[in-house]
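Colleague: I would like to see how this sequence folds:
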Amino acid sequence: MFFQKQKDEMIPKKPTNTSKPNKKIIVPRNYHDCSPEILVKLVIDLFNNLLIHNDTLNHITTLSNVTRFHSRSIPNISIHDYLTRIFKYVVVENSVLIILLIYVDRICEALPNFTISSYTAHRFIIAAVTAASKSISDVYSTNAYFAKVGGISLTEINLIELEFCKSLNWRLCCSEATVQQYYLNLANSNSDISLPDTVQFVPYNTLDQYLDYIKQDGKKE
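Modeller: Residues are numbered from 1 along each chain as shown. Below is the predicted model of the structure:
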């Protein structure tokens, strides 16, 4: 599985801050009740950490593992700014935000040689947002609008969305329980966020394994 493959290097630990710690933001236990602004921050932080980690690894790109998600060069816009732009101009439900993370697991299980990196993240994200919005939202934008927001052509977004759906074998929906658990694990991974003490965590998915990885010693095989 994808997050299990991320090894060899660890995200450098931040220097210990001796100043008075900032007060944590308490979020509700249910993702439906979470502020979209906070959820966007959590998703952006996780993708940033994921790219920081994966970009340090020596991934060899060959004709056999190139996908439509690969860019010829790293886009000029950072993943933080790209996600911020998408969430600013596209109405994205909370469930869609969390399903982006579930799609990371699914696409990398389906394509073992694929890695979310600075070369692939932008096109993966716009394809994932487009597909997820259509799958679970009652109201969503057209592909022409998604393409404009994502900075690619209509033809390109049609092609990458199709490859995305085929790679997942059209498994675009998720159970409510799975989405909820990803939300809890996501919130628990962020040092600026606090959950109610009564929340219980169920470490059954690869996202949870990855979050443990970046928080501990990185000695996973």
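Colleague: which residues touch the helix or strand containing residue 38?
Modeller: For residue 38, the element it lies in under DSSP states H and E is helix 36-54. For helix 36-54, the surrounding residues in contact (C-beta atoms under 8 Å, 6 or more residues apart in numbering) are 6, 9-11, 25, 27, 31, 79-80, 83-84, 87, 92, 94, 97-98, 100-101, 104, 115-118, 121, 125, 183, 186-187, 189-190, 193, 210, 214. No exception for glycine: its C-beta is placed from N, CA and C like everyone else's.
Colleague: right, and the helix or strand after the strand or helix carrying residue 81?
Modeller: Residue 81 belongs to helix 79-89 when assigned by DSSP H and E. The helix or strand immediately downstream of helix 79-89 is helix 94-110, counting by DSSP H and E.
Colleague: what helices or strands is that next one leaning on?
Modeller: Packing partners of helix 94-110 (3 or more C-beta pairs under 8 Å, 6 or more residues apart in numbering; DSSP states H and E): helix 2-5, helix 36-54, helix 121-136, helix 154-167, helix 176-189, helix 206-215.
Colleague: and the angle for it with helix 121-136?
Modeller: Computed by axes from the mean of the first three to the mean of the last three C-alpha atoms, to 10 degrees, the angle separating helix 94-110 from helix 121-136 equals 120 degrees.
Colleague: who's in contact with helix 94-110?
Modeller: For helix 94-110, the surrounding residues in contact (C-beta under 8 Å, 6+ apart) are 1-3, 5, 31-32, 34, 36, 39-40, 43, 46, 50, 87, 114-116, 124-125, 128-129, 131-133, 136-137, 164, 167-169, 171, 174, 178-179, 182-183, 186, 205-207.
Colleague: among these, which ones are buried?
Modeller: Listed as buried from the contacts of helix 94-110 are 2-3, 5, 31, 34, 39-40, 43, 46, 50, 87, 114-116, 124-125, 128-129, 131-133, 136, 164, 167-168, 174, 179, 182-183, 186, 205-207; burial here means 16 or more other C-beta atoms under 10 Å.
Colleague: for residue 153, give me its contacts.
Modeller: Neighbour list for residue 153: residue 147 [criterion: C-beta under 8 Å, 6+ apart].
Colleague: hmm, back to that, now render the helices and strands packed on helix 94-110 as TSV, adding mean pLDDT and distance to residue 109.
Modeller: Shown next, in TSV, are the helices and strands packed on helix 94-110 (pLDDT from 0 to 100; distance: least, C-beta to C-beta, whole Å):
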stretch	mean pLDDT	distance to residue 109
helix 2-5	38	6
helix 36-54	87	16
helix 121-136	91	14
helix 154-167	92	10
helix 176-189	88	14
helix 206-215	49	8
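Colleague: and the ones you listed as a markdown table, adding distance to residue 75?
Modeller: Formatted as a markdown table, those follow (distance: least, C-beta to C-beta, whole Å):
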| stretch | distance to residue 75 |
| --- | --- |
| helix 2-5 | 21 |
| helix 36-54 | 12 |
| helix 121-136 | 5 |
| helix 154-167 | 13 |
| helix 176-189 | 24 |
| helix 206-215 | 23 |
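Colleague: right, I'll leave it there.
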